[in-house]
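S.K.: my questions are about this predicted structure, shown below with the sequence.
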Amino acid sequence: MRARDTGFIVELRRGRADDALTIARLFRDTVHAVNRQDYSEAHLDAWAPYQVDLEHWRVVIDSSYFMVAVSGGMVVGFANLDGDDYVDQLYVHKDLLRKRIGSKLIEEIEREAKRRNAARLWTQSSITARKFFERQGFATLQAQRVTYNGQIFDNFSMEKRLK
């Protein structure tokens, strides 16, 4: 699948286990750069530790509908559908935001959820990503506080009805 927007070409493909290190680094670098406006350094370290757990990433890639966005041979984003309706992750390279990479990824995740006859998509969005998900048609169900790696995070349970 190819998308052309303002001259920026992105291809989507299924993630592979050998993408794990690239994806882990993109995730860590993006969380630490982009989410710093809404979360503390302690939050960022708990969310995206500098110690990379490659086995964790391989399991996520292999056990979910995991899509990567590639441009110029470089992985520039990824998203995954866990089960039939949960958007577990969606991240775009910190230097390539607002180039419709995230939109292309969520459109593909939505297509797959519909193929699986899901009635909705839902996610737990960070403060930072909330506006992105709203632009994609998601509505906030509730603000919530969740504990992850010893830190309490404010985020949002959101959904998009598909039927």
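M.R.: Received the coordinates, thanks. Numbers count the residues shown, from 1 in each chain.
S.K.: check which residues of the strand or helix carrying residue 133 are buried.
M.R.: With elements taken from DSSP states H and E, the one containing residue 133 is helix 130-135. Buried positions in helix 130-135, judged by neighbour count with 16 or more other C-beta atoms under 10 Å: 130, 132-133. C-betas here are computed from N, CA, C, even on glycine.
S.K.: in TSV, list the residues you listed along with pLDDT and distance to residue 68.
M.R.: As requested, the buried residues of helix 130-135 are exported to TSV (pLDDT from 0 to 100; distance: C-beta to C-beta, whole Å):
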residue	pLDDT	distance to residue 68
130	98	23
132	98	18
133	98	20
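S.K.: nearest to residue 115 among these?
M.R.: Comparing the buried residues of helix 130-135 against residue 115 with C-beta to C-beta places residue 133 closest, at 20.8 Å.
S.K.: downstream of the helix or strand of the chain with the lowest mean pLDDT, the next helix or strand is which one?
M.R.: Lowest on mean pLDDT, DSSP states H and E among the helices and strands of the chain sits strand 2-5, with a mean of 48. Remark: after strand 2-5, the chain's next helix or strand is strand 8-14, criterion DSSP H and E.
S.K.: quick one: mean pLDDT for that following strand?
M.R.: Model confidence over strand 8-14, given as mean pLDDT, is 93.
S.K.: counting by contacts, list what that strand packs against.
M.R.: Applying 3 or more C-beta pairs under 8 Å, 6 or more residues apart in numbering; DSSP states H and E, one finds that strand 8-14 contacts strand 2-5, strand 65-71, helix 101-115.
S.K.: what about the second one, average pLDDT?
M.R.: Taken as a whole, strand 65-71 has a mean pLDDT of 98.
S.K.: direction included, what does that strand pair up with?
M.R.: Note on strand 65-71: by DSSP bridges, its sheet partners are strand 8-14 (antiparallel), strand 74-82 (antiparallel).
S.K.: report the angle between the axes of the shortest one and helix 101-115?
M.R.: Here strand 8-14 points in a direction 40 degrees away from that of helix 101-115 (axes from the mean of the first three to the mean of the last three C-alpha atoms, to 10 degrees).
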